[in-house]
Structures are given as structure tokens and as C-alpha cells.
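Engineer: no sequence on hand, only this structure:
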């Protein structure tokens, strides 16, 4: 896989800063849904399935 930074990343950050409040620490609960065959903690947390199959 050839991974390169987006050449317009600085523009994205600038524009996002104009329309969004500053980032802060996450507070709350989040859920992640997965198919049963990938439902073990090892499969959910290592994120390899998302990388392999294009999720998220």
C-alpha cells in the first residue's frame, strides 16, 4: 500500500478550524458494531479488518 499525505491537508485543517470548535478530550460512550465472525476483542481492537476490507 502506497500511503502519502494529502497535499491539501493544511488547507483542510485551516478550513476546519473556521467552522468547528477546537478539539477536546472525548467524554462519553462509544459503540462499535462488527459481524459475529470478527467479534472477539482481538479482532475488534486491532483494526486489521477495517484496513483489509476498507471499513471506517
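Structural biologist: Received the coordinates, thanks. From a predicted model like this one, the values you see are computed outputs, not experimental measurements. Residues are numbered from 1 along each chain as shown.
Engineer: tell me the contacts of residue 35?
Structural biologist: Contacts for residue 35 (C-beta atoms under 8 Å, 6 or more residues apart in numbering) come out as none. Every C-beta, even on glycine, is put in place using the N, C-alpha and C of the backbone.
Engineer: separation between it and residue 47?
Structural biologist: Here residue 35 is placed at a distance of 15 Å from residue 47 (C-beta to C-beta, to the nearest Å).
Engineer: where does this structure have low pLDDT?
Structural biologist: 1, 38, 49-51, 53-56 (pLDDT under 70).
Engineer: what about residue 33, neighbour count?
Structural biologist: Residue 33 has 6 neighbours, counted by other C-beta atoms under 10 Å.
Engineer: ugh, wrong one, I meant residue 34
Structural biologist: Quick note: residue 34 (other C-beta under 10 Å) scores 13 neighbours.
Engineer: how close does it sit to residue 11?
Structural biologist: If you go by C-beta to C-beta, the gap between residue 34 and residue 11 works out to 34 Å.
Engineer: just residue 3 next, same as before
Structural biologist: 19 Å.
Engineer: so which of the two has more stuff around it?
Structural biologist: residue 11 (10 against 4).
Engineer: tell me the secondary structure for the more buried one?
Structural biologist: When classified by DSSP: H, G, I helix; E, B strand; the rest coil, residue 11 comes out as helix.
Engineer: and residue 27, how many residues sit next to it?
Structural biologist: Neighbours of residue 27 (other C-beta under 10 Å): 5.
Engineer: my bad, should have said residue 44
Structural biologist: When neighbours are counted by other C-beta under 10 Å, residue 44 comes out with 14.
Engineer: repeat that for residue 43.
Structural biologist: 14.
Engineer: ok, residue 12 next?
Structural biologist: By other C-beta under 10 Å, the residues close to residue 12 number 10.
Engineer: ok, which stretches of this structure are helices?
Structural biologist: Listed in chain order, the helices of the chain (DSSP state H) span 9-19, 41-46, 48-53.
Engineer: any chance of CSV for these, columns distance to residue 30?
Structural biologist: Listed next are the helices of the chain as CSV, based on distance: least, C-beta to C-beta, whole Å:
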stretch, distance to residue 30
helix 9-19, 21
helix 41-46, 12
helix 48-53, 15
